[in-house]
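J.: need a 3D model of the sequence below.
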Amino acid sequence: EDNCPDISNTNQLDTDNDGDGDACDNNDDGDALADSEDNCPLIFNSGQEDADGDDEGDACDDDDDNDGELDGEDNCPLVSNETQTDSNNDGVGDACVPCVDNLTTFGAGRLNRPEGVDVDTNGDVYVAEDSKVVIFDDAGNFQSEWSAQTTNASGLELHDGEVYVAGDAPTNRVLIFNKTGTLLRSWGGTGTGDGQFGRITDITVNSRDEVFVVDHINHRVQVFDTDGNFLRKFGTNGTGNGQFEGPYGVAVDTQDNIYVSEFNGHRVQVFDRQGNFLRKFGAQGNGDGQFQNAGELEVGVDGFLYVVDFGNDRVQTFDLQGTFINKSIVNDGPTDIALVNTDRIYLALFNANLMNSLRGGLDPDNDNVCDSTDNCPEDANTNQLDTDSDGAGDACDADIDNDGLVNGSDNCPDTLVTRRAER
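T.: Numbering: from 1, shown residues only. Presented below is the predicted three-dimensional model:
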């Protein structure tokens, strides 16, 4: 009965429940990393994230950014901010408020109803559209394309050098290709049984190589290994916790928690790796934190959740507990989102047959204008008014009209007045 028969361990502690006690288990947390090389040996963290570089993984570090503030009390737990400044008192420190600026669109004439997008380590952008996968470089220049072997490619995920494509109805198959378009394997088919699908809308892979497939019409998420062997499923039709009304997108965080959006249910639900319900947020509407058909979603390396709000033509940003942070308006029916670190974001625009390239950044003053383009980065000024066109917005310009008189002493502070002596 002893889980370490050769080593004394009266408490019989077994963190990963694998039958080997921690006293004699070289991988106590079951994350495939030996304890001697694991920066959190007792907590599963296969990604080994370590935001402050102190060799203690974020999963077990009480102060991930090493700023002297415990994570539970830190308004920016992954960004050092000793002052804890929070200008708008929304609970998110100014140092880590995310935002998105539009850059450009690309793919005109190349795309037809793009729905899936992901980016590889070289920065190349892979887009799933009707019947093809189309590849662009990071500037949006066309590189190549190949058949997705389905009439409706609805989702796409890059994992370990392979391209996972969600083959929507009538194919209803998961198709895995190499990067040049050679089909390596596939599984699925139409039906309601395990391993069958009513309509596949999205796909993702976690750190344990478990493949999560959204089965939209059957109102569930199915889980497989990378060879297509069925592992488990969760979800039924309904509005209760753990039930779905048209699940659409799926994403995972660094702890392998699962985030599922509902197109018809207008919300996001969060589950643990096994599919046990943890929490939910969102409701139908156009207010902050509400959705009109929640689409694809993605967890960024900045620790925020980005959710495509299809019917409201926008992307909303939340913390991982579901607290609304901000939003960015994006027209033409955005469907899927891919993030490259936090400085580049790609959106599939279903209605416009285009891709949208955006720039991510920070917005400490919470005026929905990124610091990179904000003419008053420390003062909220959504309208970006700059009367004298000197690059400093009126909200922070001591001499708005640039007439040499500071605003407080100028009897026309926002109008340039010149006087000419008459003889």
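
J.: alpha carbons only for contacts and neighbour counts from here, please
T.: Noted.

J.: so residue 192 sits right up against residue 198, yeah?
T.: Yes - counting by Cα atoms under 8 Å, residue 192 touches residue 198, with 6.7 Å between them.

J.: spit out the residues that contact those two alike.
T.: residue 218 (Cα atoms under 8 Å, 6 or more residues apart in numbering).

J.: the two: which is more packed in?
T.: Neighbour count, other Cα atoms under 10 Å: between residue 192 and residue 198, residue 198 has more, with 23 against 12.

J.: where does the chain have low pLDDT?
T.: For the chain, the stretches flagged by pLDDT under 70 are 51, 97-103, 340-343, 358-362, 364, 372, 416-423.

J.: where along the stretch 1-150 of the chain do the helices fall?
T.: With helices called from DSSP state H, counting those that start in this stretch, the stretch 1-150 of the chain shows none.

J.: can you show me the strands along it?
T.: Secondary structure of the stretch 1-150 of the chain, counting by DSSP state E, counting those that start in this stretch: strands at 98-106, 116-119, 125-128, 132-136, 142-147.

J.: with mean neighbour count added, can I get these in CSV?
T.: Shown next, in CSV, are those (neighbours: other Cα atoms under 10 Å):
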stretch, mean neighbour count
strand 98-106, 20
strand 116-119, 27
strand 125-128, 28
strand 132-136, 23
strand 142-147, 15
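
J.: nearest to residue 225, out of those strands?
T.: Residue 225 lies closest to strand 116-119 among these, at 20.3 Å (Cα to Cα).

J.: partners of the closest one, with directions?
T.: Paired neighbours of strand 116-119 in the sheet (DSSP bridges): strand 125-128 (antiparallel).

J.: got the contact list for stretch 259-270?
T.: 239, 241-242, 244-252, 257-258, 271, 277-284, 290-297.

J.: dump the strands of the stretch 1-150 of the chain to TSV, plus distance to residue 39.
T.: Converted to TSV, those look like this (distance: least, Cα to Cα, whole Å):
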stretch	distance to residue 39
strand 98-106	28
strand 116-119	28
strand 125-128	32
strand 132-136	37
strand 142-147	40
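
J.: which of these sits closest to residue 313?
T.: Set against residue 313 and scored by Cα to Cα, those come closest in strand 98-106, at 13.3 Å.

J.: so what would you say the end-to-end distance of stretch 106-124 is?
T.: 13 Å (Cα to Cα, to the nearest Å).

J.: what's the answer for stretch 376-394, then?
T.: Note: stretch 376-394 ends 8 Å apart using Cα to Cα.

J.: could you do stretch 250-270 as well?
T.: One end of stretch 250-270 to the other measures 10 Å (Cα to Cα).
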